[in-house]
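Asks: need the 3D shape of this:
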Amino acid sequence: MSSSALFRLGKNVSVSAIARRNTPLLAATRAQFSAVATEQESAKPRRRKRLDPIIVTESAAIRIKELLAGDSAKGALGIRLGVKRRGCNGLSYTLNYTFEKPEKDEEMEAHGVKVFIEPMALFNVVGTTMDWEESELASEFTFKNPNAKGECGCGESFNV
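Replies: Model prediction:
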């Protein structure tokens, strides 16, 4: 008896009662579901590609490569980005060479340059764009941080 016929007759039959019946159709359906489940279990688990916490522009990467090629950076793996409490607005960015991989740092690679981000700085720099700008007055790394609520006039410090 089909489920629609059961409802037409006015009988109150639960879905589990129908599922317990051992009909050829239900047996075939169970076999299909178990085959699909087995196939899915054997397939590699798909992981979403993690997005980089910051964006490093090509000009910044070129400048970092130049710095890493210098004498003071021999053996450096990349640079380490952090923040410190200082400046007129609360926090400022720090950049240092990294000679060994820090255990808890977030590691990323952009344009062939490895950047390690300190765990305490990660919250403050997510989404930031790091760029290298040269003008007649200055040549410096600039940071465009969407999380910053304010910056000082010179652009050296920010607050979140």
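Asks: give me the neighbour count for Leu67.
Replies: Using other C-beta atoms under 10 Å, Leu67 has 15 neighbouring residues. (C-beta placed from N, C-alpha, C; glycine too.)
Asks: wait, a helix at it?
Replies: Yes: checked against DSSP: H, G, I helix; E, B strand; the rest coil, Leu67 lies within a helix.
Asks: what sits against Ile54?
Replies: By C-beta atoms under 8 Å, 6 or more residues apart in numbering, Ile54 lies in contact with Leu81, Met108, Val115, Ile117, Val125, Val126, Gly127, Thr128, Thr129, Met130.
Asks: any idea how far Tyr93 is from it?
Replies: Note on Ile54: its distance to Tyr93, by C-beta to C-beta, to the nearest Å, is 11 Å.
Asks: shared neighbours, these two?
Replies: Leu81, Val125.
Asks: read off the pLDDT value for Asn159.
Replies: Asn159 is assigned a predicted lDDT (pLDDT) of 65.
Asks: cool, thanks, signing off.
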